[in-house]
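1. Just to be clear, the model below is a prediction. Sequence and coordinates:
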Amino acid sequence: MDKETKKNKRYTYNQQIIKALVDKHGFTPFFIRQCLSGHRNSITADKIRVDYKTLEKELKETIEQFNTK
């Protein structure tokens, strides 16, 4: 009997936004994901969370505008 493997679907982040945050802040993608998931608590982590939310919002708005044309 084979055991099923489950992929962690709890935290799924947009990889393009993570790459943009890596370029902006200069940290590793692992650190960026830790900040987004709440494992890191600092001023920098708070800035990264705010940047991610704003980039995600802008991306969704751009996609919606493109789809309505």
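-> Everything's here; your move. Quantities reported herein were computed from a predicted structural model and do not represent experimental measurements. Residues are numbered from 1 along each chain as shown.
2. Spatially central residue in the chain, please.
-> Within the chain, the residue whose C-alpha comes closest to the C-alpha centroid is Y13; the distance, by CA atoms, centre = their mean, is 3.9 Å.
3. That residue: what's it in contact with?
-> Applying CB atoms under 8 Å, 6 or more residues apart in numbering, one finds that Y13 lies in contact with R33, L36, Y52. (Each C-beta comes from the backbone N, C-alpha and C, glycine too.)
4. so can I have CSV of the residues you listed showing distance to T68 and pLDDT?
-> Formatted as CSV, the contacts of Y13 follow (distance: CB to CB, whole Å; pLDDT from 0 to 100):
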residue, distance to T68, pLDDT
R33, 32, 94
L36, 29, 94
Y52, 25, 97
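5. tell me the SS of D2?
-> The local conformation at D2, judged by DSSP: H, G, I helix; E, B strand; the rest coil, is coil.
6. Tell me the predicted confidence for it.
-> You'll see D2 listed with a pLDDT of 71.
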